[in-house]
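>>> Quick one: sequence plus predicted model below, questions after.
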Amino acid sequence: MEQSGPRSAHGSAGARTPDIRTGAVRVPAQPTAADMDRGTGRERTRGGFPDGAVPGAGAGAARGVTGPEAGGPARARGEHTHSEPPLPRPRVEGVRPVVQRSSVRGQILDALRTALVAGELAPGEVYSAPVLGERFGVSATPVREAMQQLALEGAVEVVPNRGFRVVERGTRELGELAEVRALIEVPVMLRLARTVPTGRWAELRPLAEATARAASSGCRATYAESDRAFHRAVLALSGNSQLVQIADDLHRRAQWPLVGGPVSRGRADLIADAAEHTALLDALIAEDLPVVQSLVREHFAGAS
């Protein structure tokens, strides 16, 4: 994702009300007073109110303008959207639109998580769904849904009428995450070291090598994904899917950038971290439990 610097919720320094005269906003035909008197111009209703008339809305609502500009309550959708193009419907016969949108939402969510790790979404900055949607080439809807999921995960917070602000974290929170991860993963890894056959550990060698390649590339986002994949595979040997899910969520949160500091560890740090994966597998295959215990504890100590 190309980062063009901090943007406001509208992608510009100030918000501009659409010029109705230029056709930027489509205004539905309204019945005349004579029609109302004769009863021949009965208005279509929505929720018991005339179409376009919302309790508390001012005169601006009749012009198709909503929010503070209309003299009514602000929209609580995360940001103003103005006239956004709708998400194209799938052309494949028999494919329901809801399935297509869900697929787009998942892809956008993955892209936003990658942007967080790479530092393209800076801590403390506010981003709007329409602006991000333009970058991804989609409407604001799947972007907004993906950002709301990130809000549930604690990565961003909703800023009413503006967008989503990337949460600012410090070294203390990172240290707390590393401590919790160690409390969960270290005992499990030590138990697995005593019970899992060496042949099963050897099957994880390709994943460890993948982390080494990712670290050598210097791409933080690529390494973050391969790092989590390795840890998931190790913990999956426990047969506890809930543990794997919780540990992976903590691991992902630990990879978010810090405010006022470097986006992430440098290439040399990534290479050293990946080397610990290889050393750990070597010790597990050799059934050298003291070395395994030392490596596991050092690995999580370095994560903070």
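Received the coordinates, thanks.

>>> Skipping adjacent residues, who's closest to residue 219 in space?
residue 118 (7.9 Å; C-beta to C-beta, 6 or more residues apart in numbering). C-beta here means a position set from N, CA and C on the backbone, and glycine is covered the same way.

>>> Could you verify my assumption that the one you found touches residue 223?
No. Contact criterion C-beta atoms under 8 Å: residue 118 and residue 223 do not qualify, at 10.5 Å.

>>> Those two: which is more packed in?
residue 223 (28 against 18; other C-beta atoms under 10 Å).

>>> Assess the claim that the more buried one and residue 274 are in contact.
Yes. Contact criterion C-beta under 8 Å: residue 223 and residue 274 qualify, at 7.4 Å.

>>> Would you mind measuring from residue 216 to residue 230?
The spacing between residue 216 and residue 230, counted by C-beta to C-beta, to the nearest Å, is 15 Å.

>>> neighbour count winner among those two?
residue 230 (21 against 13).

>>> any common contacting residues for residue 223 and residue 274?
211, 214-215 (C-beta atoms under 8 Å, 6 or more residues apart in numbering).

>>> Report the backbone C-alpha coordinates of the one helix or strand residue 158 maps to in PDB.
Assigning secondary structure by DSSP states H and E places residue 158 in strand 156-159. Below are the C-alpha coordinates for strand 156-159, written out as PDB (Å, rounded to 0.1, in the frame of the first residue of the first chain):
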ATOM      1  CA  VAL A 156      -7.600   1.100  15.800                       C
ATOM      2  CA  GLU A 157     -10.300   3.100  17.400                       C
ATOM      3  CA  VAL A 158     -13.300   4.700  15.900                       C
ATOM      4  CA  VAL A 159     -13.300   8.500  15.600                       C
END
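
>>> What residues of it count as buried?
Across strand 156-159, burial judged by 16 or more other C-beta atoms under 10 Å covers 156, 158.

>>> Name the residues that touch the helix or strand just after that strand?
Later in the chain than strand 156-159, the nearest helix or strand by DSSP H and E is strand 163-166. The contact list for strand 163-166 (C-beta under 8 Å, 6+ apart) reads 9, 78-79, 116, 121-129, 131, 147, 150-151, 155-159.

>>> got it, and stretch 229-242?
Stretch 229-242 has contacts (C-beta under 8 Å, 6+ apart) with 185, 188-189, 191-192, 196, 200, 204, 207-208, 210-211, 243-244, 247-248, 251, 277.

>>> what's the answer for stretch 169-188, then?
123, 231, 235, 238, 240, 243, 246-247, 250-251, 253-254, 256-261, 296-297, 300-301, 303-304.

>>> What is the neighbour count of residue 188?
Other residues close to residue 188 by other C-beta under 10 Å number 18.

>>> And residue 108, by the same measure?
That count, for residue 108 with other C-beta under 10 Å as the rule, works out to 23.

>>> Now do the SS call for it.
helix (DSSP: H, G, I helix; E, B strand; the rest coil).

>>> can you tell me the helix or strand for residue 282?
Per DSSP H and E: helix 267-285 holds residue 282.

>>> Just the C-alphas of that helix, formatted as PDB.
The C-alpha coordinates for helix 267-285 follow below in PDB (Å, rounded to 0.1, in the frame of the first residue of the first chain):
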ATOM      1  CA  ARG A 267      16.900  -6.600   9.200                       C
ATOM      2  CA  ALA A 268      19.700  -7.800  11.500                       C
ATOM      3  CA  ASP A 269      17.200  -8.300  14.300                       C
ATOM      4  CA  LEU A 270      14.900 -10.300  12.100                       C
ATOM      5  CA  ILE A 271      17.700 -12.500  10.900                       C
ATOM      6  CA  ALA A 272      18.700 -13.200  14.500                       C
ATOM      7  CA  ASP A 273      15.100 -14.000  15.500                       C
ATOM      8  CA  ALA A 274      14.700 -16.400  12.600                       C
ATOM      9  CA  ALA A 275      18.000 -18.100  13.500                       C
ATOM     10  CA  GLU A 276      16.500 -18.900  16.900                       C
ATOM     11  CA  HIS A 277      13.700 -20.900  15.100                       C
ATOM     12  CA  THR A 278      16.300 -23.100  13.400                       C
ATOM     13  CA  ALA A 279      18.300 -23.600  16.600                       C
ATOM     14  CA  LEU A 280      15.200 -24.500  18.500                       C
ATOM     15  CA  LEU A 281      14.300 -27.200  15.900                       C
ATOM     16  CA  ASP A 282      17.800 -28.600  16.000                       C
ATOM     17  CA  ALA A 283      17.600 -28.900  19.800                       C
ATOM     18  CA  LEU A 284      14.100 -30.500  19.600                       C
ATOM     19  CA  ILE A 285      15.200 -33.000  17.100                       C
END
